[in-house]
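S.K.: Sequence plus the predicted model coming up.
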Amino acid sequence: MKIREITEAIEQYAPLRLQEQWDNCGFQVGDPEAEASGALLCTDATEVVVAEAIARGFNLVISHHPLIFGGLKKIMGRTPVERTVAMAIKHDITIYSAHTNMDSAWQGVSFRMAQKIGMTDVAFLDDNTVAPYGEAECGTAGCGVIGNIEPMKAREVLERVKAAFEVGAVRYSGDGDQRVTRVALCGGAGGFLLDKAVEAGAQLYVTADMRYHDFLDNCQRIVIADIGHYESEHFTKEIFLEIIQKKNPTFAVAFAQNEVNQVNYL
């Protein structure tokens, strides 16, 4: 099976046209026409992840976050990105990323978050109808999700979130004893959806990368929880796994074992 056959399956699930204008989804390094020997799945394509792919004999790395966001004018091994690119090229490793297109896809990142904590009746928090592409109507795409959860205190929901996403520490504001039945979620940096969460009737909003004043200015309106960027998205590789195994159940695919969260907690 060629590498492009694998990535085409991912793009059928999360079309590249769904990515944000500032993003750089798709192929980062490598040859889409090469025969795939195996795929290593990760959140970030780093030096240690590429080294693991080499050791396993896999020539494809699929990451959530793109390796290259801005242009590279030189590849001199001065930065982690330059070294990772050089290592991948030297060892014929192809790197492919599905970032904001997977965030915005139906049953994408935020939907997986909702699934992990047992939410029901889940829908996009901010949905947008996608215009027809060629002869195919793609339906809807959007940002974040909102749904129902069995009645419990906000703090109890956060305990469930902490366990499900392997969170070292949860930053939150608002009344932890508030009864919660509606929860909004957004993987990654979701501050831009805070007002939408309030308008949609959520009592709790779970996301990452929230600013101090987001907490301060909204603590009377909604319980806000920041669980960490990596923590909110590291299970995206589960979606990649399911797509690939549906395409070819016998293809060699694995989660990166050497990948670690670069943010530590004391």
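M.R.: Noted; the coordinates are in hand. Note that this is a predicted model, so its numbers are computed, not measured.
S.K.: Quick one: mean pLDDT over stretch 10-30.
M.R.: Per-residue pLDDT over stretch 10-30 has a mean of 96.
S.K.: for it, how far is the first residue from the last?
M.R.: Stretch 10-30 has an end-to-end distance of 17 Å (criterion: C-alpha to C-alpha, to the nearest Å).
S.K.: for residue 155, what are its contacts?
M.R.: If you count contacts by C-beta atoms under 8 Å, 6 or more residues apart in numbering, residue 155 has them with 176, 177. In short, each C-beta sits where N, CA and C put it, glycine included.
S.K.: Quick one: classify it as helix, strand or coil.
M.R.: The three-state label given to residue 155 by DSSP: H, G, I helix; E, B strand; the rest coil is helix.
S.K.: For residue 72, see how far away it is.
M.R.: Per C-beta to C-beta, to the nearest Å, residue 155 is found 45 Å from residue 72.
S.K.: ok, the closest residue to residue 42 other than its chain neighbours to residue 43 distance?
M.R.: Setting aside the residues directly before and after it, residue 42 is nearest to residue 256 in space (C-beta to C-beta, 6 or more residues apart in numbering), at 4.0 Å. Distance of residue 256 to residue 43, given as C-beta to C-beta: 8 Å.
S.K.: between these two, what contacts are shared?
M.R.: With C-beta under 8 Å, 6+ apart, residue 256 and residue 43 have common neighbours residue 237.
S.K.: tell me which element the spatially closest residue to residue 32 that is not a sequence neighbour is part of?
M.R.: Closest residue to residue 32 apart from its sequence neighbours, by C-beta to C-beta, 6+ apart: residue 4 at 3.9 Å. Following DSSP states H and E, one finds residue 4 within helix 3-13.
S.K.: Please settle this for me: is residue 68 part of a helix?
M.R.: No: using three-state DSSP, the assignment for residue 68 is coil, not a helix.
S.K.: ok, how many other residues are close to it?
M.R.: The local packing of residue 68 (other C-beta atoms under 10 Å) involves 17 other residues.
S.K.: That one and residue 81 touch, don't they?
M.R.: Yes: if you go by C-beta atoms under 8 Å, residue 68 and residue 81 touch, sitting 6.6 Å apart.
S.K.: got the residue ranges for the strands in the chain?
M.R.: Along the chain, the stretches classed as strands by DSSP state E are 26-29, 39-44, 60-65, 94-97, 120-129, 140-153, 171-173, 179-189, 204-208, 223-226, 253-255.
S.K.: ok and the second one relative to strand 60-65, angle-wise?
M.R.: Right, the one you point to is strand 39-44. 20 degrees (axes from the mean of the first three to the mean of the last three C-alpha atoms, to 10 degrees).
S.K.: Please state the offset of strand 39-44 from the chain centre?
M.R.: Centroid separation for strand 39-44 versus its chain: 11 Å, with C-alpha atoms, centre = their mean, to the nearest Å.
S.K.: what's the answer for the longest one, then?
M.R.: In terms of C-alpha atoms, centre = their mean, the gap separating the centre of strand 140-153 from the centre of its chain is 17 Å.
S.K.: List the buried residues of the helix or strand of the chain with the lowest mean pLDDT.
M.R.: Taking mean pLDDT, DSSP states H and E as the measure, the chain has strand 120-129 as its least confident helix or strand, at a mean of 88. Residues of strand 120-129 classed as buried: 122, 124, 125, 126, 127 (neighbour count, 16 or more other C-beta atoms under 10 Å).
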